[in-house]
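Participant: Below is the sequence, then the predicted model.
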Amino acid sequence: MPIGHNKEGSQSDWRDLKEYKMSFRLASGAINATAIAVVFTLAGCTGSIEGKPSGSADPKADPSKPANTPAGPGMSSNPGTGEPAAGAPLPPPGAHPLEPKRDTAACKEIKPGGAPIRRLTRTEYDNTVRDLIGEDKKLAKAFPGEELQHSFDNSAELRSVSDVLAEHYNTAAKEVGRAVVAKLDTFLACDSAKNEDACLDQFLGGFAQRVWRRPLEASEREDLKKAFKAGRLSTFAEGIDAVVRVMILSPQFMYRIERGVPVPGTNYERLGHWDMASRLSYLLWGTMPDAELFSAAQAGKLGTRDEIADQAKRMLADPRAGAMVTNFASQWLHLRDLADAAKETEIYPNWKDEFLELFRLETEHFVTAVWKDDAKLGSLLSSTSTMVNGPLAAFYGIKGITGDTFQKVALDGTQRAGLMTHASLLSAKSGPDQSSPILRGVFVREQMFCQPLPQPPVTVDANPPMLNPAMTTKERFAAHRNDPSCESCHKLIDPIGFGFEKYDATGAFRALENGKMIDATGELAGTDVDGSFEGAIELTKKLVQSKQVESCVASHWFNFAFGREPTDSDRCTVETLQTNFAKTGGDMRQLLLGLVQTDTFFFKGGL
């Protein structure tokens, strides 16, 4: 069973780490045999793989004093563990303005959802290696594709380690080891020729601590020293190379292993400061903590809602937050589908496969620009400006733009406005030889309204109607909709998709199809903005007005942030996200600031 398959993050997650370690046995042959043995016997993943997680409450501790409470004035973290000293009470409900309001049934008491162990995604892996060694090697680009759940690639439940992926992990670990050794003087301020043991201790207390995103325990240091000795055939650098490779291949690096401490009298845990640093950094940046987060964890300054809020505000002003939001949007909008969206040049003679990359870049640059501006969902959906370079401007028919640099331009607001009229979405949700009211309609239903549709019956011919040079797409699909086996679903799909018919399969605007004027009237049903509309621009206006769309996007953020679907325990968190998102007019910055104050983020449930 893949690690994290237990949605509530129970003790079985720790047992599943044994399966993870076994998956690397065939992939680690390049490291000295003794060093390989070390990576599979390290107890540091939890202090004890077979036992309770290190950092769990001491059964001999005074039960009247919370084991993991926010450090207050004159209080410090317990050395080496990153756990706050006991004695301070939990902050009272409502202590922070962005904390969930306790005036609803779902939020009356703190009841957070579980926190399954999560393996780094390809993006998180590359970002972490980049920030760890100072080189953007993009090693994870060679990894096999991720399993997807609800459009996102970070599902804790579905993602497992295949033999092929293990081989790639081993190759990547070698590359990281070589990169560290090549510039070892940047990670060590000592002379190994004079005092090798002192230099190794400095490395384990500095760089190695950053690899595992927390201080090493004494037993872990000893095991890594064994790996050093096994790998040191003739030089100090060889030993360091072995240590780095062991650490990069370890669960402590590859997984976000959170070691919570139970809060007395409850069924949930509080996180230590080091784990909270990683929660913040991987949510808001998609990478490891920076020096300031590590310092805050060391000082025990990540235990209160105010401390978390202050760090989140700082982090959202960093460019890495914009990259994270763009990654979210890229997955939410299915930009990955562009990889298979090439068109037939016999039908579209001006088509170039290079357009697909330009389409992707346009949407990503546009999302980044909106994030820097007002960060509003409404701007994403209705802006009459976009980001283009010379070749993309030529595709859109925009004059006066040359060169490869993307720049902001105004659009003809009668033809295009916001994401729904980007060529990236329109071409990805089309066939190679024709537009697709079905794909476009399903996208709006599922990604904008969170209304999943069932798969068509296996007996139904899912192919689109045959091309007919005497008919428009809407005319060809009329018979399709009249089929009794298709009607129940397609009456919810096709009327939305017809609103996009003034854009062909490439995403180019058109007024005619096969010499006939295009009828782009459509209709929404089963939503809070039901009714007819004329074309994608009017549809966009309805989406901007819809509270269901706001709630849907907030729900997508939950799935992306926690790598799983919500459970009954997450009702307060989901309701809070949706309510606050609506109150702020769809402000994504405020949504993220509120997200790190929710019960599911601040605590760890599922005990």
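Facilitator: Yep, that arrived.
Participant: do you know how far the nearest residue in space to Ala172 that is not next to it in sequence is from Ala179?
Facilitator: Excluding the flanking residues, the one nearest Ala172 by C-beta to C-beta, 6 or more residues apart in numbering is Leu139, at 4.1 Å. C-beta here means a position set from N, CA and C on the backbone, and glycine is covered the same way. Distance from Leu139 to Ala179, counting by C-beta to C-beta, to the nearest Å: 10 Å.
Participant: Equivalent analysis for Phe601, please.
Facilitator: For Phe601, the distance to Ala179 - C-beta to C-beta - is 33 Å.
Participant: same check, this time on Arg245
Facilitator: 11 Å.
Participant: Please apply the same query to Thr266.
Facilitator: 44 Å.
Participant: wait, Thr584 sits on Gln590?
Facilitator: Yes - between Thr584 and Gln590 there is a contact under C-beta atoms under 8 Å: 4.2 Å.
Participant: can you give me the helices for the stretch 201-350 of the chain?
Facilitator: 207-212, 218-231, 236-249, 251-254, 273-284, 291-298, 305-316, 319-332 (DSSP state H, counting those that start in this stretch).
Participant: Looking at these, spot the one closest to Gln149.
Facilitator: helix 319-332 (10.7 Å; C-beta to C-beta).
Participant: how far off helix 305-316 does the following helix or strand past the closest one point, in degrees?
Facilitator: Later in the chain than helix 319-332, the nearest helix or strand by DSSP states H and E is helix 354-372. Here helix 354-372 runs at an angle of 140 degrees relative to helix 305-316 (axes from the mean of the first three to the mean of the last three C-alpha atoms, to 10 degrees).
Participant: from the chain's centre, how far out does the helix or strand that helix 354-372 is followed by sit?
Facilitator: Using DSSP H and E, the next helix or strand after helix 354-372 towards the C-terminus is helix 377-382. Distance, stretch centre to chain centre, for helix 377-382: 21 Å (C-alpha atoms, centre = their mean, to the nearest Å).
Participant: ditto for stretch 595-602
Facilitator: 16 Å.
Participant: for it, what is the average pLDDT?
Facilitator: For stretch 595-602, mean pLDDT rounds to 95.
Participant: could you dump that stretch to CSV, C-alpha only?
Facilitator: Provided in CSV are the C-alpha atoms of stretch 595-602 (Å, rounded to 0.1, in the frame of the first residue of the first chain):
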residue,chain,number,x,y,z
LEU,A,595,-5.8,28.8,5.2
VAL,A,596,-2.8,28.7,7.5
GLN,A,597,-5.1,29.6,10.4
THR,A,598,-7.6,26.8,9.8
ASP,A,599,-7.8,23.9,12.2
THR,A,600,-6.7,21.4,9.5
PHE,A,601,-3.5,23.4,8.9
PHE,A,602,-2.7,24.4,12.5
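Participant: quick one: contacts of that stretch?
Facilitator: 96, 98-100, 107, 110-113, 279-280, 283-284, 305, 308-309, 312, 557-558, 561-562, 569-570, 572-573, 576-577 (C-beta atoms under 8 Å, 6 or more residues apart in numbering).
Participant: Give me the ChimeraX select line for those, limited to the buried ones.
Facilitator: Of the contacts of stretch 595-602, the buried ones go into a single ChimeraX selection, burial set by 16 or more other C-beta atoms under 10 Å:
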select :96,98,99,100,107,110,111,112,113,279,280,283,284,305,308,309,312,557,558,561,562,569,570,572,573,576,577
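Participant: OK, contacts around Leu453?
Facilitator: Counted by C-beta under 8 Å, 6+ apart, Leu453 has contacts 442, 445-446, 489, 492-493.
Participant: Go again with 10 Å.
Facilitator: 441-442, 445-446, 489-490, 492-493 (C-beta atoms under 10 Å, 6 or more residues apart in numbering).
Participant: pLDDT at it, what is it?
Facilitator: 89.
Participant: Which phi and psi values does it adopt?
Facilitator: Dihedral angles phi and psi of Leu453 (degrees, to the nearest 10) take the values phi -110, psi 150.
Participant: What of Ser430?
Facilitator: Dihedral angles (degrees, to the nearest 10) for Ser430: phi -150, psi 170.
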